[in-house]
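Trainee: I'd like to go over a predicted model; first the sequence, then the structure.
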Amino acid sequence: MYKRQVQLTASTGAVIDSSIVTGAGTQGILLRRTGNAYVRNNLVYTSAEWAITLDNTDSPLPAPVTANVVAFNTVHANGMGIRMLNASGEVRDNQLTEQRDLALYLAGPDLLAHHNNFSANGRDRDTESAYSGTIRVWASIGANPRYVKPAGLDGVLGGAGWRDDDFQQVV
C-alpha cells in the first residue's frame, strides 16, 4: 500500500506492516506516544526528514514507551533514517542506505539494535549519552545491498514515478 506519510498518536499495540512511504515532506512513519508497536517490512524512501520515528518526548518528559520493534524495513535516501526518542525496544534487521545524514539515532532506555545494514549514509548511528548505559548495539553490517534499480526505468526515485522503483536485491 502506497502512502505519502503514516502517523499514529497515543496508541498501544499498533502494527504498521508492508507499506510503501515515499516523498514525505517531513517524516515518513511517525508514532507519537505509542508503545508496544511493531513497524515491520516497510519501504520508506525520499522523506525530507526522518524515515521512521518513535517519539515519546513532551514537557515534562513522560515515562518511556516500551516494547517497540522496528524490523525488516528498507529505509533509503531520506534526510535521516530511524529515530527512537524516549522509547525502548528493538531495532533490527533493517536496511539503512544513503541517508543524507544520520541513519540510526537511539535516545531512549533499554534499546537493542542488531543486524542492521548500514551503507553509504552520511553517518551510520549515534546515541544519546544519557541512555548509553542501557543501549546495546551489535552485529551491524556494512554491505552494499545492491538494489536492482531503485530509481526504476524512469530514472526518478520516488515521487509520482514510484511504481517502477525496484528495491529487490541483486543475488
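Mentor: Arrived safely, thanks for sending.

Trainee: Point out where this protein drops to low pLDDT.
Mentor: Regions of the chain meeting the criterion pLDDT under 70 cover residues 1-3.

Trainee: For Y131, give me its contacts.
Mentor: For Y131, the contact set (C-beta atoms under 8 Å, 6 or more residues apart in numbering) comprises 106-109, 111. For glycine as for every other residue, the C-beta is placed from the backbone atoms N, C-alpha and C.

Trainee: Can you tell me which of those is nearest V156?
Mentor: Of all the contacts of Y131, L106 has the smallest distance to V156: 32.7 Å, by C-beta to C-beta.

Trainee: how many neighbours does that closest one have?
Mentor: Burial of L106 is recorded as 25 neighbouring residues (other C-beta atoms under 10 Å).

Trainee: Check the gap between it and V44 for me.
Mentor: To V44, L106 is 18 Å away according to C-beta to C-beta, to the nearest Å.

Trainee: One more: L102?
Mentor: With C-beta to C-beta as the criterion, L102 and V44 are 15 Å apart.

Trainee: picking up where we left off before, which of the contacts of Y131 has the most neighbours?
Mentor: Counting neighbours by other C-beta under 10 Å, the top entry in those is G108, with 27 neighbours.

Trainee: Would you confirm that it contacts R83?
Mentor: No. The criterion here is C-beta atoms under 8 Å, and G108 misses it with R83 at 9.7 Å.

Trainee: follow-up on the earlier one: quick one: which of L102 and V44 has more around it?
Mentor: The residue with more neighbours, out of L102 and V44, is V44; 29 against 19, by other C-beta under 10 Å.

Trainee: who are the neighbours in contact with A37?
Mentor: A37 sits next to 8, 11, 13-16, 31, 54, 65, 68-69 when contact means C-beta under 8 Å, 6+ apart.

Trainee: now the residues you listed: which count as buried?
Mentor: Neighbour-count burial (16 or more other C-beta atoms under 10 Å) is assigned, among those, to 8, 14, 16, 31, 54, 65, 68-69.

Trainee: Cool, thanks, signing off.
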